[in-house]
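Visitor: Next input, structure requested:
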Amino acid sequence: MNLNAKAASAIAEVGAVLDRAIPQQVEAMAAPLLTANRIALYGVGREGLMMKSLAMRLFHLGLDAHVVGDMTTPPVGADDLLLVSAGPGRLSTVEALIGVAKAAGAATMCVTATPDGPGPRRVDHIIHLEAQTMANDQNGERSILPMGSLYEATQFLFFEIVILHLRDKMGLSADAMRTNHTNLE
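Guide: Reported below is the predicted structural model:
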C-alpha cells in the first residue's frame, strides 16, 4: 500500500470514529465543561498530550483550565471538574486522581474507548470514543495506525470540534479566542 493510500485509510478510520461520536458525545462533553468553575485535565503518554492540547484550547475560550501535574494547578473542589483520559479504561494514576477529585467534591469526566473499564465506571460523565487503543491493538481488526494512534488522533479532532461547539455556545469569535493566546512564544 502506498503512502497516499495509507493516509486515506487513516483519515477514513478517524472519520468513522468521529461519525459515531458526533453530536451526542460532543454535547455530553460540552455541558459539564460550561458549568464547571475550574477544570483540571489529566492523561498519560500521548493521551496526556491530547489533554494538554485541550487544556490550552479551553484556556483560549476563557475557561479556567489547568493540567494536573503543573505546579500552578490549583486544588479542585465543589463546582469543579476533573477531566481525565483513559483510552484503555484502566490506568492507575487516572483511577487515583478520580478518587481524590471525588473526595474533594469535584465532578469527574473520563474520555475513553473502554467505558466499562474501572476508571470510567467511577466517573460522573463518560465520553466514549470507539477507537483502537494499545489495550486492543492485537485483537480482531486492526487500525492502519500503530498501537493507540487511532484513539489519540480521534481525540485531537474530537476535542477541536468540542471547542468549536463551546465557542458557538459561548457566543465567542475566533478573534476573541485569539486574545487569550500567549505572546511569549
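Visitor: Share the number of residues neighbouring Thr93, please.
Guide: Neighbourhood size, Thr93 [other CB atoms under 10 Å]: 16. Bear in mind the C-beta positions are built from the backbone N, C-alpha and C, glycine included.
Visitor: Next one, pLDDT for the closest residue to it other than its chain neighbours please.
Guide: Nearest residue to Thr93, sequence neighbours excluded (CB to CB, 6 or more residues apart in numbering): Val44, at 6.2 Å. Looking at Val44, its pLDDT stands at 92.
Visitor: Quick check: His181 is in a helix.
Guide: No. His181: not assigned to a helix; according to DSSP: H, G, I helix; E, B strand; the rest coil it is coil.
Visitor: From Val26, how far off is Asp70?
Guide: 26 Å (CB to CB, to the nearest Å).
Visitor: If you count surrounding residues, which of the two has more?
Guide: Using other CB under 10 Å as the criterion, Asp70 and Val26 rank with Val26 on top: 20 against 10.
Visitor: quick one: buried residues of the host helix or strand of the more buried one?
Guide: Assigning secondary structure by DSSP states H and E places Val26 in helix 24-35. Neighbour counts over helix 24-35 (16 or more other CB atoms under 10 Å) mark 25-26, 28-30, 32-33 as buried.
Visitor: unless I'm mixing things up, Ala153 is touching Gly15, no?
Guide: No. When contacts are counted by CB atoms under 8 Å, Ala153 is not listed as touching Gly15 (10.5 Å).
Visitor: between the two, which one's more packed in?
Guide: Ala153 (20 against 12).
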